[in-house]
Structures are given as structure tokens and as C-alpha cells.
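Asks: Next one to model:
(chains A and B)
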There are 2 protein chains.
Amino acid sequence: MAKQAKKAITPTRSEDYPEWYQQVIKASDIAEQSPVRGCMVIKPWGYALWENITRKLDDMFKETGVKNAYFPVFIPLSFLEKEAEHVEGFAKECAVVTHHKLEKGPDGGLVPAGKLTEPLIVRPTSETIIGDSFSNWVGSYRDLPLLINQWANVVRWEMRTRMFLRTSEFLWQEGHTVHATEKEAMERTEMMLDIYAKFAEEYLAIPVIKGKKTAAERFPGAVETMCIEAMMQDRKALQAGTSHFLGQNFAKASGIKFQSAEEKEETAWTTSWGVSTRLIGGLIMTHSDDDGLVLPPRVASSHVVLLPIIRKPEDRQKIMEFTDNLAKDLRSQYYHDRKLAVEIDDRDIGGARGWDWIKKGIPLRVEIGPRDIAENSVFVAMRNKDHKDKTSIKRDDFVAEITRILDNIQKELFERALSFRKEHTILINNNKAFYDFFTPKNEEKPEIHGGFAMSCWCGSDACEAKIKEDLAVTIRCLPFNTETETGECICCGKPATQRVVFAKAY
Amino acid sequence: MAKQAKKAITPTRSEDYPEWYQQVIKASDIAEQSPVRGCMVIKPWGYALWENITRKLDDMFKETGVKNAYFPVFIPLSFLEKEAEHVEGFAKECAVVTHHKLEKGPDGGLVPAGKLTEPLIVRPTSETIIGDSFSNWVGSYRDLPLLINQWANVVRWEMRTRMFLRTSEFLWQEGHTVHATEKEAMERTEMMLDIYAKFAEEYLAIPVIKGKKTAAERFPGAVETMCIEAMMQDRKALQAGTSHFLGQNFAKASGIKFQSAEEKEETAWTTSWGVSTRLIGGLIMTHSDDDGLVLPPRVASSHVVLLPIIRKPEDRQKIMEFTDNLAKDLRSQYYHDRKLAVEIDDRDIGGARGWDWIKKGIPLRVEIGPRDIAENSVFVAMRNKDHKDKTSIKRDDFVAEITRILDNIQKELFERALSFRKEHTILINNNKAFYDFFTPKNEEKPEIHGGFAMSCWCGSDACEAKIKEDLAVTIRCLPFNTETETGECICCGKPATQRVVFAKAY
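Replies: Below is the predicted model of the structure:
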């Protein structure tokens, strides 16, 4: 048996997927646990990724007329009580502010003092507080549509946390819009879902399935929740973004009314939609490998690292000059609205240097040694290829071709992820096959299962609940753009008209 | 007596300056009070201003090697207790999280439940929590300097709030750096102050005085606090940004140590520096007038509004076509790294339309009527001039000249503010004159006083405290770049060697 090449991440994906995920985060230096329960610190290499994600999404939102605003981090307790279904879903686990100062206690330490008349909740989402503002901002049909987005931190007191996927505090955007008609609000809900899908596929290189949630999986208080669902490399689903059609529920609770063109008072229709730092978790689990993080070029924290190879001190000046000139030429170019970001790493730490950048997932590594300079060429490695696979390219060709090279990497990452999803997505029409598909073959690896099952569902809550209880499998979505089908419910066998996506999920 | 032209803002600055400030905010639609005590809602026209401020500052920070990161919003109580002086200064008024969920209470309403073992503080500033991370990130001199910035919301439970100037929650950036030597940390403290001064003067068009604070006015725990101070139109001072040299105080408290090149364990030197949404308060009070907000072009929420004048329905198509074409030509241009932002307002609401934009402070208003089109010209008004002062400019000249016109406005705003400050800054060497300078002449307008007094100070806490008690006047800063002077303390008459800036302050 051939000796397996050692990988940079221990354990590998097949050895222990959840632990591999944590180790990729650690090795790439994008984030770490903080001393505050369930909260993480996003380190510079991870935050740069978030900046690239937010800038592009922000541009895409603004192109559709959305404007940014900022609302208070605190929500009075009474606001949460306004929308009954919403409070059921959200108020349970949250950070509650009860005091507004600290005093010296009897033992000399600090203790909370100045009890608030009404406790404040650190926002888990802002529908209620934004709804209150909107009720003042909207008076006439002329004020509509109102298209607002907020970039903010939110807090949900999660019992079991996992970095980027489920943390007590996370960063996100929440869009909130108000419309005069049901039709327009529904169109906006779909439009924002389309933006999320486009962004996920074209920028994060994550293929997604668009669809709507079942009633059981809806956002608390929403009439319809639409989502994009992606398959991770452990074949589990990740909900990567949601767009909610709220009907008139929140407008009624907050009193968002307007005078119509016919001078009648009408209740408005609202939507909300959001994506969060969870996208980074999805990106890691879609593309990364047993050598660490793999970053899609269009959102990568940086695009290319130059690695001067200086074996003799007398070569230093010449090599650094060549390196600095190359960096300058690269940095003068744009790649998808961003200046090309170039790192120079001249640390004298041997092979560890190259591995550092492999683990950090930078798309391109460029080695520059005396022989390369003599030939006016560079030695280029791509993160999506084997780490030993390096190509000599003429220096000027590299400068001329780099944006095309990056776009090829971007494309390949997307196609690889799409193939993986296709490979593990199966149409199943038989109850036993369905249960087999989701039953781990290896008791030591309970997380390994089939993937996405496209199966028919009769629409009953009972069947959905039974499958969830038996297999911990949920209906991820009722996908759009699928044909009506005459089939039998995978659970009860009764007639069903649509095939839905069943999967285990994060 | 000539009838005074009616102004858009009631009251005017001279009638009631504090109320004028609130009315400018309301009329320009940049922010409003929220239902949460002391917190504001930043509306789209105000948030766009903040976005322009943050983007430019962020670029300026990054040019000096600073990288962004994100740390938890919560700080464990025990962290605040680490640095004694710091906790004295900060822990008093803050939002304290004591519970992590809500439950149905006996009367059916929600009540806090799940008491935390250790209360959490919503960050008033992040030195302590960031210090904890830094103690893990820094091991060797090779890890230094560490240059980190965070854009975040912070909370200080203020008893008396005023929008943008003093709110319980505000948005800011906080930079935190770690260095191997005292000299390098001090240089970084000065470098960031220089960036703030440059940004204030070149982008916000606010002239500032750079200097250092007295011991009494220092940031809690800092060895040296440097600041930029600006004069508002009521002649009071506004501290617009601070940069702190923290010596080894926070490094000792957090255990930020490193192995030197000589393999000795050493304690690091740190700095922190920040500006906040308070800059918007300063911008309003520097430039705005009795007709509302005046925005400096380089940070303006938008640059120009096109106002088609359609008196006859049959003219509409032609006028809108001309307007849309003009907008297209303008939007294809850049003004200081930002695409020109163009509004089109075709509402049929008469003169109120022009006034709306005057109150919102947009730098340029462009009227487009049938006669203008016939002459291929536009009718341009500038916000820094009288509202009736409009000029006809050839359409193509306007397109070619707009960035120059905007920069002229920018320059004029700065020069006007600088003249105002010079006019109200006086060298005073006599105790009686000093007291007269700060004593209101009109009992009904206690806020009107002389302005900035440049007077000598002996350096004693007692003199500083006496003047503060007698006149509510503080030493704003010991300005840099002033010559040593042989004088007498304005308070006690003892020998003094430096002239300092005395003023009433926000």
C-alpha cells in the first residue's frame, strides 16, 4: 500500500469532519474562541474576507435602490411581546440587560446596580424595533417602497456553538422593506433571494438551491420564508441566506399604515432578509481540503503571495527588487472591482513559509529565486491544485494573465462544488431506500450519510416531523423551478405533488 | 429696519443654538431619537455620511499597515477590574447583561431568567478584551508591531444625551496597537493623531488644533492622551478624536509580553485611538446655517440633485430625457475616489422641493427647465451661497467642471470655519479679562461667550480645577508646535511656560 502523503490538517476530513473544520480555522488564522462564552474573535485574515463579502453584497443591494441605516442594539422587552409568534421563536435565548451601572459591592468587587424599569434585549434580529421606526416614517403611498438595510452585530444565546456557523454574537445584514401591495413585497422577497443566490454562486463559488421553507421551518412570524441551501463536504445542508415575506403580520403589530392614492388608510406589506458571518462557515466547508482553507479569488482576503527565495545574502537586493517591482505591477490592476491584493513574505523560515500560505488558502503562491530572475519568469502554484504542482511562467505573462488565472480558479472551485453536490443528490422514491440513504454505514462515523434526497412529500406536518424524529433529517426547501410531479409521499405513501430536498443540516 | 428673510430652521443659531442643532438634524432627516433611552436611529441620509467617513478613514488606516478585526461585544466583569484606573473611569455607567433568557412570568408577561454566573458588560471600549487576545497573539518581537482596528458599536450609559454628540450607543472605530519600544508606540500615537487631523481638515473641512490633554482630562489608564479640538459655531470646543499612548499599563494588566531579539522577556507598549459618530455632530455644528445642514462635498451623502421643472405635461418627456442624460454623464465621473452621487427629484411639490434639498445640505442643486434645455444650459445653486444665488452654466461645462466646483466649495467651507475660529481665539494674559471672556454678556443666552482663550497655565491641578469650577471652562489641550513662553499662570499668577487652549466644551 502506497504511503499516504502527509496533510497539513490533522485530522483530515474523512477522519473527523467536525474537528477538521475547527483545525482549518485555527491553521488559517481567521478566527478563534474568545473568553466570552459562545463569542468568537474574527482575526484580520478572516475579517478581510468578511469585508470583501460585505462590500460586494452592499453594492448589489444598493443597485436595487436599498439604502443603509442604523437602529439601536437594544430592544425594549415590550417590543418583543408585540408579535406573538415572533416572540415564541426568538425571545427564549437572548442577552438581557437589567442594570445600567456597576458599584463596589460589599466584598470590594463590582456588582450590577441601577436596575432598569424595563429590561432591554440585545437584538437577536430587528423586525420589532425597525417596525417601530417605519410606523413613523411611512404615512403615504408616496413614501413607499421603503428599502432599508442594516449591517450590525446580533446576539442569540446559543447553547452549543461552532465558529461562524452558530455563535452567540454574529455579524450580519438585515434588510427590511415596506410595500404598498402584496405583489410588490413578494417580488422584493424573491429579488433579494436571487441576489443571495447570485452572490453565493458567483462570488463564494458555492452552488445553491433556491426554494421555500415548510411551515415548520419558517422564520417566526413570516408568511413565507425563502432560502438558499448549499451542500457541505460532509453532505449536510447549510442554509446560507433567507428572505422572508412577512405579509401584514409585522406591519399590523408595529402599526405600519399608509394613505393610499385613493386616500384610504391601508396596512403595509413587509419583507426582511439576511445573511451573516455563517457564509464564511459555508465557504470553508465547501472548498477547503486536508491542507487547510481554500479561498475563492473573488472574495479572498488577498489574491497572491510573493515568496522571494534568498539562499545567499548577496542575492537579497536583486531578488527583493524584482519582487517589489512585480508587486507594484500587480497592485496596479483591478480584479472584480477590487485592487489586486498582494502579500510579500520574505521570512527566513524554510518550507514552513509556503505551508503557512497553503493553510491560509491564498489563491496564488509565487516563488521568486535567482534562476527565475535570470529567466525573467516566476514559479506559480495555485491553491486549487496539488501543492507540488507548480508552473514556470514568464514574469510579464503572469502580470498580463493573473486576472484570467484567478477567474479560472474561481470557476473551477464552483464546478468542483457543483459536481460534488450532483454526485450526492439522489432522487429517491422508496421509503426503505430513503432510510438507508440517511443511515450511517459506519457506526464510528455517524455523520457520514448519503447527502441530499430529492423525494416526494405529501405536505403534512406529521410526515415532516416523523422523518425529523427518525433520522434528524429535515426538509431543506421546496425547490423553485421544479415540475409538478405525481408521486407518493416518501413517508406515508399518500399522493404527493412535489419533490422536496431532504437532508441533515447545520 | 429691513424685514429679515425667513430662514428654514426655527429657531436660528443666534436665537437658541442647542435647539437649532436638534432642528437641523430633524430638517435634514439624518437621524432621530429612538424609543430606547439615549439611543438614536441613524437614517439613510445620515448613514451615507457615516459610510463616506468610514471608507476614507479605513483607507487611511490601511495605508499605514493597520488591519481590521472584530472582538466580542460583551466584556466579562472580571476583565474590567484588571486595570484599576480604567475601571474607575469606565465601569460606572454601562449596560450590564445579567440573564441569558426570558420566561413567562406569573402575570403572563416575559421576565428575565437564566442568571449568568458572571455579569457581562456591553463594551464601552475594548482595551481589556482586546488586550486579552493580544496577550495570546504576541509571543516574539517578530509579531510586532501589531496594528489592529475595529469598527463597532459601543455603549456608555449617558444620563444626558444629545444626538451624535453624546448617545448611549454610538458607532466608532477603535485602533489598538502593540509595540516593542516606547518610542515606536509614541510615534504611532502621533501618527494616528495626524491622520485624524488630516481627515478632519481635508475631508470634513473642520480646522482642528492638535495637542495633548492635561492629566485630569486623560483617558482612564493612559500615560498620554492626544486630541484634536475644533471650534463650533457657538464658540465651544468639540473633542473630535483622541489617540492614547498607554505606556505599559494595559500591557501589564493584560499580560502582553514578548521575547526580544536578545531572548529576554519584555512587557510591550500599547496605544489606542478612536473617532466616532460624534464627528457628524462636529460637522453639523461647524458648517450648518439657519437654512439647515451644509455638507462638505468630500463626505457628502450625495453630491448633486437634479430638479427638473415641468410646468406643462407635454414638456415632461424632453426634460426628463435631458435630466437622465445629464445624470448619466455625471455618474460616470469620480470625485475623490467615489463615484459622483446624483439625485433626481421630480416630485411635483413646488418650492418645497428646493427647500428640502437646502435643508439636507446637498452641495449642488441643479434646476432644469424648458428654457435651460433650449440653451443647453443648467441653473446651478451652491449650498454654501445664499439660496437665491443661482448661475446659468452651459450643460457641458457643468459636466466638465463639477469636480472643480465641488472642491471649491470644500475649500471655502474650510476657510470659513478657519476664519471663524481665528476670529474667536484670543490671547489673554490677564485674569480679569479671562473671566470676562467666558462670562455671558446676556443672561438669557448663557451659552454665548468669547471662544477659545490662549492663556498661560502653571501646570497645577488646583488652577485647572478652579477655572473649571468657576467658569465651566477646561483646558482643551496643550497645543503642539507652540513656542515655549515665559508668562504667568492665568489663574494663580505664578510662572508658566506654555500657553494652553481654554474653552467651554461639549
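Asks: where does residue A:9 land in three-state SS?
Replies: The three-state assignment at residue A:9 reads coil, by DSSP: H, G, I helix; E, B strand; the rest coil.
Asks: Neighbours of it, how many?
Replies: Burial of residue A:9, expressed as a neighbour count using other CB atoms under 10 Å in any protein chain shown, amounts to 23. Yep, even glycine has a C-beta here, placed from its N, CA and C like the rest.
Asks: Which pLDDT value goes with it?
Replies: According to the predicted model, the pLDDT of residue A:9 comes to 97.
Asks: Pull up the gap between the residue in the stretch 201-350 of chain A that chain B sits nearest to and residue B:445, please.
Replies: In the stretch 201-350 of chain A, no residue comes nearer to chain B than residue A:347, which is 8.1 Å away by CB to the nearest CB. Residue A:347 sits 64 Å away from residue B:445, going by CB to CB, to the nearest Å.
Asks: Settle it for me: which of the two has more neighbours?
Replies: The residue with the greater number of neighbours, taking residue A:347 and residue B:445 and applying other CB under 10 Å, is residue B:445; the counts read 14 against 10.
Asks: Assumed that one was part of a helix.
Replies: No - using three-state DSSP, the secondary structure at residue B:445 is coil, not a helix.
Asks: do you know how far it is from chain A?
Replies: Here the distance between residue B:445 and chain A works out to 33 Å (CB to the nearest CB, to the nearest Å).
Asks: from the chain's centre, how far out does stretch A:363-374 sit?
Replies: Computed by CA atoms, centre = their mean, to the nearest Å, the separation of stretch A:363-374 from the middle of its chain amounts to 34 Å.
Asks: Next secondary structure element downstream of the helix or strand of chain A with the lowest mean pLDDT?
Replies: Counting by mean pLDDT, DSSP states H and E, the weakest-scoring helix or strand in chain A turns out to be helix A:84-90, with a mean of 72. Next in sequence after helix A:84-90, counting helices and strands by DSSP states H and E, comes strand A:93-104.
Asks: Show me what that following strand is packed against.
Replies: Under the contact criterion of 3 or more CB pairs under 8 Å, 6 or more residues apart in numbering or on different chains; DSSP states H and E, the helices and strands touching strand A:93-104 comprise strand A:110-122, strand B:93-104, strand B:110-122.
Asks: hmm, back to that, the residue of the stretch 201-350 of chain A closest to chain B looks like it's in a helix, true?
Replies: No - assessed by three-state DSSP, residue A:347 does not belong to a helix; its assignment is coil.
Asks: Tell me which of the helices and strands packed on strand A:93-104 is the most buried.
Replies: Burial of those is given as mean neighbour count (mean count of other CB atoms under 10 Å in any protein chain shown); strand B:93-104 ranks first at a mean of 20.
Asks: angle of that one against strand A:110-122?
Replies: What separates the directions of strand B:93-104 and strand A:110-122 is an angle of 60 degrees, with axes from the mean of the first three to the mean of the last three CA atoms, to 10 degrees.
Asks: Within the sheet, what are the partner strands of strand B:93-104, with directions?
Replies: strand A:93-104 (antiparallel), strand B:110-122 (antiparallel) (DSSP bridges).
Asks: Identify all contacting residues around it.
Replies: Applying CB atoms under 8 Å, 6 or more residues apart in numbering or on different chains, the contact partners of strand B:93-104 are A:74, A:77, A:80, A:91-102, A:112, A:119-122, A:157, B:74, B:110-116, B:119-122, B:124, B:155-159, B:168.
Asks: try 7 Å this time
Replies: A:91-102, A:112, A:122, A:157, B:74, B:110-116, B:119-122, B:124, B:155-158 (CB atoms under 7 Å, 6 or more residues apart in numbering or on different chains).
Asks: quick revisit: next, format the helices and strands packed on strand A:93-104 as a markdown table and append distance to residue B:147.
Replies: Written out in a markdown table, the entries for the helices and strands packed on strand A:93-104 read as follows (distance: least, CB to CB, whole Å):
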| stretch | distance to residue B:147 |
| --- | --- |
| strand A:110-122 | 30 |
| strand B:93-104 | 27 |
| strand B:110-122 | 26 |
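Asks: Quick one: neighbours of residue A:228, just the number.
Replies: A total of 28 residues lie near residue A:228 under the criterion other CB under 10 Å.
Asks: can you check residue A:432 too?
Replies: Other residues lying near residue A:432 total 8 when counted by other CB under 10 Å.
Asks: Could you do the one 10 residues further on as well?
Replies: As a burial measure, residue A:442 scores 8 neighbours (other CB under 10 Å).
Asks: same deal with residue A:201?
Replies: Each residue near residue A:201 was counted by other CB under 10 Å, and the total is 17.
Asks: Adding mean pLDDT, write the strands paired with strand B:93-104 out as CSV.
Replies: Converted to CSV, the strands paired with strand B:93-104 look like this (pLDDT from 0 to 100):
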stretch, mean pLDDT
strand A:93-104, 94
strand B:110-122, 95
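Asks: Among those, which comes closest to residue A:341?
Replies: Ranking the strands paired with strand B:93-104 by their distance to residue A:341 (criterion: CB to CB) puts strand B:110-122 first, at 33.7 Å.
Asks: ok, and what's touching the closest one?
Replies: Counting by CB under 7 Å, 6+ apart, A:36, A:77, A:80-81, A:91, A:96-98, A:112, A:119, B:73-78, B:80, B:94-105, B:155 sit against strand B:110-122.
Asks: List the buried residues for stretch A:389-401?
Replies: When neighbours are counted by 16 or more other CB atoms under 10 Å in any protein chain shown, the buried residues of stretch A:389-401 are found to be A:390, A:393, A:395, A:398-399.
Asks: oh, I was asking about stretch A:211-229
Replies: For stretch A:211-229, a neighbour-count test (16+ other CB under 10 Å) marks A:211-214, A:217-229 as buried.
Asks: Next, the distance between the ends of it.
Replies: Using CA to CA, to the nearest Å, the span of stretch A:211-229 from its first residue to its last is 8 Å.
Asks: Mind checking the pLDDT average for it?
Replies: The average pLDDT for stretch A:211-229 rounds to 96.
Asks: Please enumerate residues in contact with it?
Replies: Outside of stretch A:211-229, the residues within contact range by CB under 7 Å, 6+ apart are A:83, A:85-86, A:88-90, A:189-190, A:193, A:196-197, A:200, A:208-210, A:237, A:239-247, A:249-250, A:461, A:464, A:474-480, A:501.
Asks: From those residues, which land in helices?
Replies: A:85-86, A:88-90, A:189-190, A:193, A:196-197, A:200, A:249-250, A:461, A:464 (DSSP state H).
Asks: All the helices of chain A, in order from the start?
Replies: According to DSSP H, chain A carries its helices in the segments A:17-28, A:44-63, A:77-80, A:84-90, A:127-137, A:182-202, A:249-254, A:278-287, A:316-331, A:352-360, A:370-374, A:395-423, A:431-438, A:461-471.
Asks: Of those helices, which is nearest chain B?
Replies: Taking the helices of chain A one by one with CB to the nearest CB, helix A:44-63 is closest: 3.8 Å.
Asks: mind checking pLDDT for the residue nearest in space to the middle of chain A?
Replies: Most central in chain A under CA atoms, centre = their mean is residue A:279, positioned 1.0 Å from the mean C-alpha point. In the prediction, the pLDDT value recorded for residue A:279 is 98.
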